[in-house]
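> I would like to see how this sequence folds:
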Amino acid sequence: MSGVGDSTPLQSCLQSVIEHIVDQIVTIADGIIKKGSRVED
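Numbering: from 1, shown residues only. The predicted model follows:
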């Protein structure tokens, strides 16, 4: 029950994947928002 290996390789990998997915979603959402505001104008 020691705190060794708090960040396992799997957790590291998952965090990288999640960060990448979030980045993609933000980019796509930003594009949709910009497109939507252009259409409304």
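
> Would you map the helices across the protein?
Assigned by DSSP state H, the helices in the chain fall at 9-40.

> What distance do you get for residue 37 to residue 28?
Distance from residue 37 to residue 28, counting by CB to CB, to the nearest Å: 15 Å. (C-beta placed from N, C-alpha, C; glycine too.)

> and what of residue 12?
Residue 12 sits 25 Å away from residue 28, going by CB to CB.

> Poorly predicted segments of this protein, please.
1-7, 39-41 (pLDDT under 70).

> same thing but at 80, please
Within the chain, the stretches with pLDDT under 80 are 1-7, 37-41.

> and residue 37, how many neighbours?
Residue 37: 9 surrounding residues under other CB atoms under 10 Å.

> Could you do residue 29 as well?
The burial count assigned to residue 29 is 10, neighbours taken as other CB under 10 Å.

> give the contact list for it.
Not one residue lies near residue 29 by CB atoms under 8 Å, 6 or more residues apart in numbering.

> any idea how far it lies from residue 23?
With distances taken as CB to CB, residue 29 is found 11 Å from residue 23.

> Fine by me, thanks again.
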